[in-house]
Each structure stands twice: as structure tokens, then as C-alpha cells.
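# Kindly return the folded structure for what I paste below:
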Amino acid sequence: MLFSTRLFSLLLLLALAIAPSAAFAQIEEDTTTWNDSELYEDEATEAPPYFAVGGGPMVGLFMPNLDAFNKNIAQPFVGQDVSNSVLMVGGQGFISVPWVANLRVGGLGYGGRSEQCCLDTVVDGQSVSRTLEYNVGYGGLSIDYVLPLNLGKFYIVPSLVLGLGSVEVFAQQATQRGEFNITNEFGQASKNITHNYHSTFFLYMPQLQFEYTFAGFMMTRLSVGYQGTAMGEWEVDRGVGITNSSQLDDINGSGLIANFGVFFGLFP
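Residues are numbered from 1 along each chain as shown. Now for the predicted structure:
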């Protein structure tokens with residue numbers, strides 16, 4: 001009986017010694033489980049894959065360098081400078097490329113003009129009205145890369161536009177007609193003269209776009225960039241060549257541009 005009592009006491013002491021160790025091991029296990037959950041929460045904050053398809057209107061302010069235009073064309077013809085800012089109006093559509101993450105392609109068209117209208121002057125004793133316009137327009141392919149930043153509904157999108165376009169200078173001198181006569185319209189003594197000077201260009205336009213989406217179906221964009229143009233040969237009146245176009249050589253479609261657009265479609 002004494003041996004049994006001693007054995008029971010020994011077992012009781014061993015049990016009391018093991019109990020704190022078991023409790024401590026249980027606390028370590030709970031802590032490990034809590035740390036694993038924290039890792040899962042970090043993974044859940046990663047930005048989801050980007051996909052968008054849509055289109056909409058755009059309006060922009062294009063700021064070409066028209067110093068050569070004003071010196072060589074505007075001042076001799078109308079005696080005034082044309083504004084070095086052009087209001088541009090156009091539109092764009094685009095879609096994400098599914099096999100390349102964050103890549104988006106699209107097409108756009110843009111155009112605008114700056115003018116001096118209806119300057120009244122006297123040529124050879126006859127009153128005439130002169131009008132001068134600088135026109136620029138183009139269409140192009142847009143290639144966008146949406147930066148993979150977790151900024152909620154806000155996105156930063158570097159972009160490159162490549163395309164073709166043209167610059168046109170419209171110059172008109174006209175008098176009021178008492179009556180229409182096709183022979184008189186092209187008579188040598190006529191003061192009614194209209195010319196269109198035209199040159200095509202290759203467009204390259206890097207830009208940075210800032211976009212914000214609303215409710216997944218509407219997006220607004222503000223962008224800034226540089227509209228670069230590689231000009232071709234100048235012609236007049238639909239295909240008539242100009243042997244010496246030195247007064248037109250420094251006239252192009254290049255300059256800074258900022259635009260704003262509203263687009264509708266499917267957005268993240």
C-alpha cells in the first residue's frame with residue numbers, strides 16, 4: 001500500500017510538471033495560425049488583372065509653334081498673327097489585349113484649327129475680305145500600358161500614338177458678287193482667290209494619361225504629351241506641286257498637347 005501511494009504521488013508530480021509545457025506549446029500553435037492569416041490578408045491586397053473596353057469623345061488644347069507661320073504667311077497676308085493655340089476635338093476607342101497583362105490598344109482621331117477671319121482691306125482700289133486658317137488633323141493607333149499600381153479606381157497610363165495626318169493652310173480673298181458668272185470667277189482681273197496649301201505628316205505622340213473610373217462603366221481621363229510630326233512635301237489646291245516651298249518649310253503639326261476625355265464601356 002505504501003508503494004502504491006508513493007507511485008501515485010510520483011505520477012501526480014509528473015503530470016503537474018508536463019501541464020505548463022503543453023499549455024505553452026498550445027499558445028505557440030495559435031500564434032503561428034494568426035501569422036498565416038496575416039500573410040493571406042497581404043496577398044488579398046494585390047491589384048487584380050486590368051481589363052477595359054470603351055470609347056468616347058475628347059477635347060484638347062494643342063500649342064504648336066506658329067512663329068514661322070505668322071512671319072511668312074499671316075503677317076504678309078492679313079497683317080495679324082494667328083493664335084499659337086488650337087482647340088482640338090476628337091474621339092477614341094480602345095480595348096485591353098488579353099494575352100499581354102496591362103496592355104491596351106485603340107484608335108483615335110483628332111482635329112482643330114486656328115484662324116484670322118474677315119480682314120477687310122483694299123487691293124488695286126477694290127475692297128476685299130481676307131481669311132486665313134491653320135488646320136491640323138490626324139488618325140492614329142494608340143498603345144497604352146496601365147501601370148500595375150494598387151491605387152483603387154485611379155490609374156496612371158503611359159501611352160504612344162502612331163499615325164498619319166495633315167496640315168492645311170487655307171487662304172481666301174473675296175469680294176461680294178452682284179451675280180454669279182463662272183467665266184468671271186476665273187477671269188484674270190478677278191480679286192476672288194482661294195488656295196489650300198497642304199502637307200501630310202507621320203505622327204508620333206508620347207503622352208502620360210491619368211484615368212479615374214466611376215461605377216465600372218464610365219471613365220474620365222486627363223493627359224499631357226508631345227505631338228511630333230515628320231512632314232512631307234507641300235502641295236497647293238489638291239495635288240499641284242510647289243517648286244519652292246521655303247515659306248512653308250518650318251510650318252508643321254508639332255507641339256505640346258493636353259486633353260480631357262470621357263469614356264463609356266467596361267472598366268475595372
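# where does the stretch 51-200 of the chain have low pLDDT?
Scanning the stretch 51-200 of the chain for pLDDT under 70 picks out the ranges 188.
# Would you map the strands across it?
53-64, 86-96, 103-123, 126-145, 154-174, 193-214 (DSSP state E, counting those that start in this stretch).
# Rebuild the ones you listed as CSV, extending it with mean neighbour count.
Heads up, the C-betas are built off the backbone N, CA and C, glycines and all. Listed next are these as CSV, based on neighbours: other CB atoms under 10 Å:
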stretch, mean neighbour count
strand 53-64, 17
strand 86-96, 18
strand 103-123, 16
strand 126-145, 18
strand 154-174, 18
strand 193-214, 17
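# would you turn the ones you listed into a markdown table with distance to residue 249?
Shown next, in a markdown table, are these (distance: least, CB to CB, whole Å):
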| stretch | distance to residue 249 |
| --- | --- |
| strand 53-64 | 15 |
| strand 86-96 | 20 |
| strand 103-123 | 19 |
| strand 126-145 | 15 |
| strand 154-174 | 12 |
| strand 193-214 | 10 |
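# Which among those is found nearest to residue 246?
Nearest of the strands of the stretch 51-200 of the chain to residue 246, taken as CB to CB: strand 193-214 at 12.9 Å.
# Dump the C-alpha coordinates for the closest one into PDB.
Provided in PDB are the C-alpha atoms of strand 193-214 (Å, rounded to 0.1, in the frame of the first residue of the first chain):
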ATOM      1  CA  ILE A 193      -8.900  83.900-105.000                       C
ATOM      2  CA  THR A 194      -8.900  80.800-102.700                       C
ATOM      3  CA  HIS A 195      -5.900  78.500-102.100                       C
ATOM      4  CA  ASN A 196      -5.400  75.400-100.000                       C
ATOM      5  CA  TYR A 197      -1.700  74.600 -99.100                       C
ATOM      6  CA  HIS A 198      -1.500  71.000 -97.900                       C
ATOM      7  CA  SER A 199       1.100  68.600 -96.400                       C
ATOM      8  CA  THR A 200       0.800  65.200 -94.900                       C
ATOM      9  CA  PHE A 201       2.800  64.000 -91.900                       C
ATOM     10  CA  PHE A 202       3.700  61.000 -89.800                       C
ATOM     11  CA  LEU A 203       2.600  61.400 -86.200                       C
ATOM     12  CA  TYR A 204       4.400  60.200 -83.100                       C
ATOM     13  CA  MET A 205       2.900  61.300 -79.800                       C
ATOM     14  CA  PRO A 206       4.200  60.100 -76.400                       C
ATOM     15  CA  GLN A 207       1.900  61.000 -73.600                       C
ATOM     16  CA  LEU A 208       1.000  60.400 -69.900                       C
ATOM     17  CA  GLN A 209      -2.600  59.700 -69.000                       C
ATOM     18  CA  PHE A 210      -4.300  59.900 -65.700                       C
ATOM     19  CA  GLU A 211      -7.600  58.000 -65.500                       C
ATOM     20  CA  TYR A 212     -10.400  57.600 -63.000                       C
ATOM     21  CA  THR A 213     -13.300  55.200 -63.300                       C
ATOM     22  CA  PHE A 214     -16.900  55.600 -61.900                       C
END
